[in-house]
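A.B. asks: Structure for this input, please:
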Amino acid sequence: MRNDARTDVAALWATFKDTADADIRERLILNYSPLVKYVAGRVSSTLPQTVDTADLISYGLFGLIDAIEKYDLDRGIKFETYAIARIKGAIIDELRSLDWVPRSVRARAREIEAAYVALETRLRRIPSDVELAEEMGLSPDELHEILSKLSYASVISFEELWTGVDREEHSDGAASIPDHDAHDPVAMFETEEVKHILADAIEHLPERERIVITLYYYEGLTLKEIGKVLGVTESRVSQLHTKAVLRMRAKLPLA
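C.D. replies: Residues are numbered from 1 along each chain as shown. Sure thing, here's the model as predicted:
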């Protein structure tokens, strides 16, 4: 964004916060609307094809409007960072309210997490899919079928992995980010500790799962793009992503 464009947007923000003018709000919505399309695209890559991206965009738009209404210019947080969390939260909350993932599927996810913990404790290594299936009394094919279903439920942020808090319990993670000028030694220590724990959990993932997590969360690739890199189908990448998330949730003491 050019400097003059930034100046124009800054002026819009100042005017809107002073007057709450509806026309100014509409201009801000139009200016930041690409964020909604970006987030909706990322979320849709983890969902069944039956979920319409246009619906996700409409859900996310409410999150953008909410972000514009509640954004505090004095907090020192970049609006895009704040808005993306709000947009994604609005999309996920709406999807969950529609019961798009059955409770039985989520219950299976918890069972797999528990099985991972039991096996890793007993074997002192990462269990194979065959061992996991045996632990759960399933055939390998039945396990893969469950993982395919769980891939539709694996919309998750690293914030949820770090805190172990579901969006239903804590819907405003970005709003809780402290002012960058205020240094809290305890918070800084806890944040660094969590980063080390998460990094260690990723490091101990099987190679392909580690690659998927790295490319998806750090490089910003879609599941389809990761499939091309690894030479596998998008559905296979989705399964690898799901297994990686479940392994990390099972491994993290905060999850």
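A.B. asks: Tell me which other helices or strands the one helix or strand residue 209 maps to touches.
C.D. replies: Per DSSP states H and E: residue 209 is located in helix 207-213. Under the contact definition 3 or more Cβ pairs under 8 Å, 6 or more residues apart in numbering; DSSP states H and E, helix 207-213 sits against helix 185-203, helix 223-230, helix 234-251. Where you see a C-beta, it was placed from the backbone N, CA and C, and this is true even at glycine.
A.B. asks: can you do 7 Å?
C.D. replies: helix 223-230, helix 234-251 (3 or more Cβ pairs under 7 Å, 6 or more residues apart in numbering; DSSP states H and E).
A.B. asks: Go through these and name the closest to residue 212.
C.D. replies: The closest of those to residue 212 is helix 234-251. By Cβ to Cβ, the value is 4.7 Å.
A.B. asks: contacting residues around the closest one?
C.D. replies: The contact list for helix 234-251, computed with Cβ atoms under 7 Å, 6 or more residues apart in numbering, reads 46, 109, 112-113, 116-117, 144, 147-148, 150-151, 154, 156, 161, 201, 205, 208-209, 212-213, 216, 223-224, 226-227, 230, 255.
A.B. asks: 6 Å instead?
C.D. replies: 112-113, 116-117, 147, 150-151, 154, 156, 161, 201, 205, 208-209, 212-213, 223-224, 226-227, 255 (Cβ atoms under 6 Å, 6 or more residues apart in numbering).
A.B. asks: buried sites along that helix?
C.D. replies: Residues 234, 236-251 are the ones in helix 234-251 that count as buried (16 or more other Cβ atoms under 10 Å).
A.B. asks: could you give the mean pLDDT of that helix?
C.D. replies: Mean pLDDT, computed over helix 234-251, is 84.
A.B. asks: Enumerate every residue touching the closest residue in space to residue 16 that isn't next to it in sequence.
C.D. replies: In space, residue 16 comes closest to residue 24 once its chain neighbours are excluded; the distance is 4.3 Å by Cβ to Cβ, 6 or more residues apart in numbering. By Cβ under 6 Å, 6+ apart, the contact list for residue 24 reads 12, 15-16.
A.B. asks: Likewise for residue 23?
C.D. replies: No contacts exist for residue 23 under Cβ under 6 Å, 6+ apart.
A.B. asks: From residue 203, how far off is it?
C.D. replies: As for residue 23, its distance to residue 203 is 51 Å (criterion: Cβ to Cβ, to the nearest Å).
A.B. asks: got it, and residue 149?
C.D. replies: 28 Å.
A.B. asks: Look at these two and report which has more neighbours.
C.D. replies: Between residue 149 and residue 203, residue 149 has the larger neighbour count (other Cβ atoms under 10 Å), namely 17 against 8.
A.B. asks: by contact count, what packs against the strand or helix carrying that one?
C.D. replies: Using DSSP H and E, residue 149 sits within helix 140-150. If you count contacts as 3 or more Cβ pairs under 6 Å, 6 or more residues apart in numbering; DSSP states H and E, helix 140-150 packs onto helix 103-123, helix 129-135, helix 234-251.
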